[in-house]
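Participant: fold the following and give me the result.
(2 chains)
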Amino acid sequence: MDELRNRAKELFEKGEIDIFIGYEQGTRNPRPIFVGNAEDTQKLVFNDKCTGNLAVYLTRKDLVKGKRVGISASYYALKSIVQLFVENQLKEENLKIFGLANDGKIEALNSLDEIKHYIKDTPPPPKLEDDELIKQIDAMSSAERWAFWSDELSKCFKCYACRAACPMCYCTKCIVEVNRPQWIQPWASTLGNMEWQINRVMHMAGRCSDCGSCSTACPIGIPIHLLTHKMSETVKANFGDPSDKGNVLSTFKPEDKESFIL
Amino acid sequence: MEKKYISHNSLMNWLTKLNDEGSQIYAPVAKGDKTDYKQITSVEEISMDHIQTTQSAKAVAFPRTEKLFSYKKENGDVTLQNFETTSIPETVVFGIHPCDAAGFKPLSGIFNWDTPDLPFNERMKRTTLIAVSCTQCDEFCFCTSVNGSPGNTAGSDILLTPVKDGYLAEIITEKGENLADKHSTFFEADPNINKEEYLAKVPVQFSLEELNKKISNMFESPVWKQQSERCLGCGACAYVCPTCACFDIQEDAHGSSGNRLRCWDACGFSLFTMHTSGHNPREVQSQRWRQRLLHKFSYMPERISVRGCTGCGRCSRACPVDMNIAEHLTEIASL
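Facilitator: Reported below is the predicted structural model:
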């Protein structure tokens, strides 16, 4: 922890960053903090409890526009950062990134290549519970699966915390904020809630880091991250690891066999 | 106010009887690590182990989506089918905490501010609130900072306080009395006990007097920007809140017929006050956060004489980035 504080402090003292996006101790768990000077870096914490995906703040213009940014990034935040680079949302020269190495030490990741290496060399935090739940859902008949998701999604009240917590949801105007045409019913109802989640998840195909922030953010506890978790596996199985390919669903090569695209 | 005693078994039998006689019963039901109000068909479903349910009980009178009227256009004529009050069933809400019961007063203040709201008032008329005092609390609870308490009777029709094997029953309103009198044999004589001994100890986190003094005069304060920086702009806080009453009107149109719907809305959303001209008077999140707190702690007390917060702490528990409201209010009170 001291090491991150010192590294961040040094960056401020050398005038290399204007803001540091990190975690401070919150009510129960670490929460986001934006440090603006050397002194306040002493509030920073960084450990395995820091799971909220801070990459969500990297596209917040009011916060980072025109600024040189330091950030402490969890494994999944780093995956999101790579994807944000691929989507031209970040500039390498404006970012100083710190990850946690396997031995718990702070690791400076100075380029996109270094982040990619880190992700390759670091085993992802296990998702045993999610894998187990996916297995249970896979074992269901389609009628049972429909009943499961109908029940879960009937509870959604459309607070859009899932969208707000997701680093990939950086559109300034979301599909649900368009009303001509009205793509998705804006009120909460089982069908409209499903439409929203299906849309959200489809927009994540090949882009989702599988961080699970959507579900952690859901105040009602709907396991919507299982949809993206399952989809990440599906995308990987069919198109290969997205981190090697960039945008799997929006990249077209002439040799692609789906002739309908042309 | 009359005081009585009811054993746990009698309470369950009483609720069963009320259900059998046609009242729909809403009660806390646990699933995984979350507990929420649900319409139950058996008292077996009830769970009272939680500190706080995820959502408040406000949906009983202010559903997340409500049909206000339907319309039909035919040969140039429009026929309206008004809000149907006769189909609203008698409802008993069991197991809400005093902070939730207290939340119906600010809701009522809003829905009766100008024109009395038919759907809200008709639902409230048919709803009886059986609250249960809190015997436990967590670090997010702050009812005692906003003039509430874990055994507060305000807003409840009947307040039950868990004592030994049963409950001290305080019958507060005429509605509560009617419900208790329906099956008076389930109740026993006043146990003559000091209920304070059984209540949770909720520490006071800030001085309400100091907060009131300051909050109405700090519209231009830099504190709003600083406090709201990490806010992600979702509506979780508003949707779980027992007093948040903002709504949006939507049209569920199908060709020449349709329904006019009222749905929950939240002041944290970027579109919340967007004008048709494209101008948005609250274009950044700090202005929306300011609106949230000023509405609850300045505008509502000034205009309808009731605070828009009962200290339940739900917004803080639901927030994905730990926007702890009590912490922020403490900061404002000590400015």
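Participant: make it CA atoms for all contacts and neighbour counts henceforth
Facilitator: Noted.
Participant: what does the stretch 1-150 of chain A have sitting close to chain B?
Facilitator: The stretch 1-150 of chain A comes close to chain B at residues A:26-27, A:31-34, A:52, A:63, as judged by CA under 8 Å from any CA of the partner chain.
Participant: which of these fall within strands?
Facilitator: Using DSSP state E, the members of the residues of the stretch 1-150 of chain A next to chain B that fall within strands are A:31-34.
Participant: do stretch B:222-234 and chain A meet at all?
Facilitator: Yes - Stretch B:222-234 reaches chain A (CA under 8 Å from any CA) through B:229-230, B:232-234.
Participant: nearest residue to the middle of chain B?
Facilitator: Nearest to the geometric centre of chain B sits residue B:242, at 2.4 Å (CA atoms, centre = their mean).
Participant: for chain A, just list every one of the strands.
Facilitator: Secondary structure of chain A (DSSP E): strands at A:19-25, A:30-35, A:69-72, A:95-100, A:106-109.
Participant: so for the longest one, what gets flagged as buried?
Facilitator: Burial within strand A:19-25, assessed by neighbour count using 16 or more other CA atoms under 10 Å in any protein chain shown, is assigned to A:19-24.
Participant: same deal with stretch A:30-37?
Facilitator: Buried residues in stretch A:30-37, counting neighbours by 16+ other CA under 10 Å, are found at A:30-35, A:37.
Participant: residue A:92: neighbour count?
Facilitator: 13 (other CA atoms under 10 Å in any protein chain shown).
Participant: could you do residue A:229 as well?
Facilitator: Quick note: residue A:229 (other CA under 10 Å) scores 20 neighbours.
Participant: which one is the closest residue to chain B within the stretch 51-200 of chain A nearest to, not counting chain neighbours?
Facilitator: At 4.3 Å from chain B, residue A:159 is the closest residue in the stretch 51-200 of chain A, using CA to the nearest CA. Once flanking residues are discounted, residue A:159 sits nearest to residue B:235: 4.3 Å by CA to CA, 6 or more residues apart in numbering or on different chains.
Participant: which residues touch the one you found?
Facilitator: By CA atoms under 8 Å, 6 or more residues apart in numbering or on different chains, residue B:235 lies in contact with A:158-161, B:265-269.
Participant: for the residue positioned nearest the centre of chain A, which non-adjacent residue is spatially closest?
Facilitator: When CA atoms, centre = their mean is applied to chain A, the residue found nearest the centroid is residue A:167 (4.4 Å). Closest residue to residue A:167 apart from its sequence neighbours, by CA to CA, 6+ apart: residue A:56 at 3.8 Å.
Participant: again, but for residue A:115
Facilitator: Spatial nearest neighbour of residue A:115, chain neighbours left out: residue A:109 (5.8 Å); criterion: CA to CA, 6+ apart.
Participant: what sits against the residue nearest to residue A:167?
Facilitator: Listed by CA under 8 Å, 6+ apart, the contact partners of residue A:56 are A:165-168, A:170.
Participant: at 10 Å instead, please
Facilitator: Residue A:56 makes contact with A:77, A:80-81, A:84, A:164-170, A:213, B:232, according to CA atoms under 10 Å, 6 or more residues apart in numbering or on different chains.
Participant: for those residues, which one is nearest residue A:195?
Facilitator: residue A:169 (16.5 Å; CA to CA).
Participant: isn't the closest one up against residue A:213?
Facilitator: No - using CA atoms under 10 Å, residue A:169 is not in contact with residue A:213, being 11.7 Å away.
Participant: so what sits against both of those two?
Facilitator: By CA under 10 Å, 6+ apart, the residues touching both residue A:169 and residue A:213 are A:56, A:162-163.
Participant: please, where are all the helices along the stretch 101-250 of chain B?
Facilitator: Remark: helices assigned in the stretch 101-250 of chain B by DSSP state H, counting those that start in this stretch are B:118-125, B:174-182, B:208-215, B:223-228, B:236-240.
Participant: columns mean neighbour count, mean pLDDT and distance to residue A:89 on top of those helices, output as CSV?
Facilitator: Below are the helices of the stretch 101-250 of chain B laid out as CSV (neighbours: other CA atoms under 10 Å in any protein chain shown; pLDDT from 0 to 100; distance: least, CA to CA, whole Å):
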stretch, mean neighbour count, mean pLDDT, distance to residue A:89
helix B:118-125, 17, 98, 46
helix B:174-182, 16, 96, 59
helix B:208-215, 16, 97, 39
helix B:223-228, 17, 97, 23
helix B:236-240, 27, 98, 27
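Participant: so which of those helices gets nearest residue B:26?
Facilitator: Between residue B:26 and the helices of the stretch 101-250 of chain B, the tightest spacing by CA to CA is seen for helix B:118-125, at 13.4 Å.
Participant: got the angle for that closest one vs helix B:174-182?
Facilitator: Orientation of helix B:118-125 against helix B:174-182 (axes from the mean of the first three to the mean of the last three CA atoms, to 10 degrees) gives an angle of 40 degrees.
Participant: what about helix B:118-125, near chain A?
Facilitator: No - judged by CA under 10 Å from any CA of the partner chain, helix B:118-125 and chain A are separated, with a smallest distance of 17.8 Å.
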